[in-house]
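In: Could you look at this predicted model? Sequence included:
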Amino acid sequence: MFGPIVRTYKIAAISRDLDPNTLMKLTAQGDSQVLLTDANRRTRAQQALWDLIEGDRELKPILEKYQVKREDLAVIFKNLVQCGSGQWINEQLICVSAFVHPATLDFLLRHKNEIPLSRVALRLVKYFKNEEEGDIPE
């Protein structure tokens, strides 16, 4: 009963910690100690995201299908943020939500070699903005 609630809470906490807008605000303040603390928090949040994905019975097979490792996921995440998916839509941080739903994770990994991921990021933003469900067609 509490599984989905706990998962939702974890995703929300991870999203808050990985919000790229927070990093931009801290960089503007210029306090190196605050930036270091934030970097550590972001690293822990990203590890928590990978733990969540690897521990999910629906998501783990998708990771195995595309043979991706944590290092690959980190590169994909960074590229997604650089391509504009570090935004909040319908209370979801797109660059995080893309990893935690089977349909979007499959779409993302299917196109992981499209660098930069501009087209993929744009499609994911539209997916969440339009509150779509299910597989993402080509």
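Out: That came through fine.

In: Can you list the buried residues in stretch 39-57?
Out: Going by neighbour count (16 or more other Cβ atoms under 10 Å), the buried part of stretch 39-57 is 42, 45-46, 48-50, 52-53, 56. C-betas here are computed from N, CA, C, even on glycine.

In: how about the residue most central in space within the chain, what does it touch?
Out: Here the mean C-alpha position of the chain is nearest to the C-alpha of residue 96 (Cα atoms, centre = their mean), at a distance of 2.2 Å. Listed by Cβ atoms under 8 Å, 6 or more residues apart in numbering, the contact set of residue 96 reads 11, 14-15, 18, 49.

In: just curious, which of these is nearest to residue 100?
Out: residue 11 (5.6 Å; Cβ to Cβ).

In: In this structure the closest one contacts residue 97, no?
Out: Yes - under the criterion of Cβ atoms under 8 Å, residue 11 makes contact with residue 97 at 7.4 Å.

In: what touches both of the two?
Out: Contacts common to residue 11 and residue 97, judged by Cβ under 8 Å, 6+ apart, are absent.

In: shaky segments in the chain?
Out: By pLDDT under 70, the low-scoring segments of the chain are 1-2, 22-38.

In: can you pull out the strands in it?
Out: 88-89, 92-93 (DSSP state E).

In: Show me the helices in this protein, by range?
Out: 3-18, 20-29, 32-54, 60-66, 70-80, 94-100, 102-110, 118-129 (DSSP state H).

In: out of these, deepest packed?
Out: Highest mean neighbour count of these: helix 94-100, a mean of 24 (counted as mean count of other Cβ atoms under 10 Å).

In: could the contacts of residue 96 be laid out in JSON lines, adding distance to residue 125?
Out: Putting these into JSON lines (distance: Cβ to Cβ, whole Å) gives the following:
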{"residue": "11", "distance to residue 125": "17"}
{"residue": "14", "distance to residue 125": "19"}
{"residue": "15", "distance to residue 125": "15"}
{"residue": "18", "distance to residue 125": "16"}
{"residue": "49", "distance to residue 125": "19"}
